[in-house]
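**Q** this one's structure only:
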Ligand SMILES: [Zn+2]
């Protein structure tokens, strides 16, 4: 259980130096005297939850100082609290998590079959995506492909398609978006004539995130396009794309289990 609350878009992304990280880490220990005020805002950089000091029920006794707070959600001694110097935010917790729990973060990313959509690095931190990417038992990883960034629709394969008006009509999302996306495949293997020239296209893709935005990426190579086409034929709309970081340029291909398979588990 956890309580990851997205920050408002106006929350500043903290720029943490070495000393800040040390100072923040020191906040986690011996905090009981500071946390007497039940309404003080607290957060845990292991699970990303935010809560009030009054919600803390377990304390770790210390021999050489005040008790240390344990997170009411995950039980870890990784609780910090709001201070003038370090205003508490989910972005701050996410930065600390990626720093102090870097190997756990990497492992989590490696196994993930889900992450919420985000629009750029700041949004990724404010939403606490590092805490929210997860492995779901109902989803299976079936591959991974490379992406390249396009600045406008039609830079690559879409331009060659006969439905180019539709292709141009819909805007692309700004920033460095990612997270879970639907994969829409257009035009399976066909040829058409354009200005007297015969053009052969396999297919082209749109990646639509949870907010309905069209992501500004295309697949890296025709081989990978063919592979996604095949998987799409096989799995239909159960095939999803998952981009796990703002500058990853990789898309994990994930399939949700069919309902009949779910009932067996
Ligand atoms: Zn926690």
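**A** Alright, I've got the coordinates. Model, not experiment: these values are computed from the prediction. Numbering: from 1, shown residues only.
**Q** Do any residues in stretch 65-79 lie close to the ion?
**A** Yes. Stretch 65-79 is in contact with the ion by C-beta under 5 Å from the ion, via 71, 73, 74. Placement of C-beta: from N, CA and C, glycine included.
**Q** Quick check: residues of the protein near the ion?
**A** 44, 46, 47, 49, 71, 73, 74.
**Q** Give me the buried entries from these.
**A** Among these, those scoring as buried are 44, 46, 47, 49, 71, 73 (criterion: 16 or more other C-beta atoms under 10 Å).
**Q** Just say helix, strand or coil for the residue in the stretch 101-250 of the chain that the ion sits nearest to.
**A** Proximity of the stretch 101-250 of the chain to the ion (C-beta to the ion) peaks at residue 131, 9.2 Å away. When classified by DSSP: H, G, I helix; E, B strand; the rest coil, residue 131 comes out as helix.
**Q** Can we start the residue count at 21 from this point?
**A** In the new numbering, first residue 21, that becomes residue 151.
**Q** Assess the claim that it and residue 116 are in contact.
**A** No. Counting by C-beta atoms under 8 Å, residue 151 sits too far from residue 116 to count as a contact (11.0 Å).
**Q** higher neighbour count, those two?
**A** Neighbour tally, residue 151 and residue 116, criterion other C-beta atoms under 10 Å: the higher count belongs to residue 116, 26 against 22.
**Q** List the residues that contact the more buried one.
**A** 36, 41, 44, 65, 100 (C-beta atoms under 8 Å, 6 or more residues apart in numbering).
**Q** let's see it at 10 Å
**A** Counting by C-beta atoms under 10 Å, 6 or more residues apart in numbering, residue 116 touches 34, 36, 40-41, 44-45, 48, 63-66, 68, 98, 100, 106, 150.
**Q** So which of those residues is surrounded by the most neighbours?
**A** Neighbour max across the contacts of residue 116 (other C-beta under 10 Å) = residue 64, 29 neighbours.
**Q** residues contacting that residue?
**A** Residues in contact with residue 64 (C-beta under 10 Å, 6+ apart) are 22-24, 48, 70-71, 89-100, 113, 116-117, 151.
**Q** Tell me both backbone torsions, phi and psi, for it.
**A** Backbone torsions for residue 64, taken as degrees, to the nearest 10, come to phi -120, psi 130.
**Q** Low-confidence ranges, the stretch 171-285 of the chain, go.
**A** 172-190, 208-212, 214, 218-222, 278-285 (pLDDT under 70).
**Q** try 80 this time
**A** 171-190, 206-224, 278-285 (pLDDT under 80).
**Q** Let me see the ranges of the strands in it.
**A** 199-206, 210-214, 217-221, 224-229, 237-239, 259-263, 270-276 (DSSP state E, counting those that start in this stretch).
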